[in-house]
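# 3D model of this:
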Amino acid sequence: MPPLPSSAPSSPSSGSPGSPVPSPYPSRDAVVVALRAAGCVFAEDEAELILATARTPRELTAMVERRVAGLPLELVVGWAEFLGRRIVVEPGVFVPRRRTEFLVGQALAGAPHASVVVDLCCGSGAVGAALASALGGVELHAADIDPAAVRCARRNVAALGGHVHAGDLFDALPAGLRGRVDILAANVPYVPTGDVPLLPAEARDHEPLTALDGGADGLDVLRRVAGEAAGWLAPGGCVLVETSERQAADAVEAFRRGGLTARPAVDEELYAHVVIGTRE
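Numbers count the residues shown, from 1 in each chain. Sure thing, here's the model as predicted:
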């Protein structure tokens with residue numbers, strides 16, 4: 001991330017006829033105070049990001065007010081950092097989580113020479129973009145059922161030569177990918193329906209339900225992926241999904257029923273749980 005400024009953009013004198021209206025946040029401290037009053041735990045860090053992004057006093061005011069109103073910081077500034085990359089995010093699109101970086105690392109460790117990558121349930125396309133960037137020269141496909149996610153993902157994978165498809169899981173993919181996929185990353189929704197109202201407001205109120213709600217036990221979409229993945233994987237190819245600690249054993253069993261060798265992987269620091277299925 002580039003160095004961040006320590007003060008807000010300078011405001012022209014309000015006394016000049018026709019000059020822009022100055023921001024009510026004339027300094028970094030003023031932004032911090034507003035964010036802290038709104039309950040932002042990392043007010044200082046957030047202020048730095050907002051100040052680095054705002055191009056005019058008017059834009060600064062709008063960004064601070066959107067954040068104070070509860071809009072996730074990533075949607076306020078228009079991007080999220082994911083494995084050192086700036087991923088464009090838009091309203092109505094799932095914001096990539098830092099814990100998902102563990103899934104990317106597991107995929108690269110399991111298939112370091114992958115040439116065909118699929119990012120299913122791609123959201124912003126962060127996972128696919130990170131994999132393609134690390135591997136270099138891969139054939140990248142991403143897919144999502146949500147039109148807003150498809151539009152956003154295209155912005156993030158275009159420079160990497162990626163193709164983004166709209167549709168329901170494997171129905172969205174070109175048939176020519178069957179039996180050729182080396183890495184199939186499927187960041188499926190896995191929150192049990194009854195737990196969705198318990199999510200933080202930033203997720204519950206600003207991210208699409210289709211990216212969060214995984215059905216009664218949270219594994220509905222995961223089971224669908226596990227049941228079809230083997231037919232899309234190349235020999236030795238792997239499919240990776242994120243899940244929770246309490247769901248991991250059932251997810252492993254779903255992959256095994258789908259004809260894959262399966263194992264869980266955990267990163268305690270990130271509180272990340274990934275299940276990996278491999279086609280032998």
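
# use CA for all of it now, contacts and neighbours both
Will do.

# in terms of secondary structure, what does the helix or strand hosting Gly227 contact?
For Gly227, the host element (DSSP states H and E) is helix 220-228. In terms of contacts (3 or more C-alpha pairs under 8 Å, 6 or more residues apart in numbering; DSSP states H and E), helix 220-228 is packed against helix 248-257.

# for the helix it packs on, the distance to its chain's centre please.
With C-alpha atoms, centre = their mean, to the nearest Å as the basis, helix 248-257 stands 24 Å off its chain's centre.

# what's the answer for stretch 147-158, then?
Worked out by C-alpha atoms, centre = their mean, stretch 147-158 lies 12 Å from the chain centre.

# hey, C-alpha coordinates of that stretch in PDB?
The C-alpha trace of stretch 147-158 is given here as PDB (Å, rounded to 0.1, in the frame of the first residue of the first chain):
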ATOM      1  CA  PRO A 147     -25.100  -9.600 -11.900                       C
ATOM      2  CA  ALA A 148     -23.500  -7.000  -9.600                       C
ATOM      3  CA  ALA A 149     -20.700  -9.400  -8.700                       C
ATOM      4  CA  VAL A 150     -20.100 -10.300 -12.300                       C
ATOM      5  CA  ARG A 151     -19.700  -6.700 -13.300                       C
ATOM      6  CA  CYS A 152     -17.300  -6.100 -10.400                       C
ATOM      7  CA  ALA A 153     -15.300  -9.200 -11.100                       C
ATOM      8  CA  ARG A 154     -14.800  -8.200 -14.700                       C
ATOM      9  CA  ARG A 155     -13.100  -5.000 -13.500                       C
ATOM     10  CA  ASN A 156     -10.700  -7.000 -11.300                       C
ATOM     11  CA  VAL A 157      -9.700  -9.800 -13.600                       C
ATOM     12  CA  ALA A 158      -9.700  -8.000 -17.000                       C
END
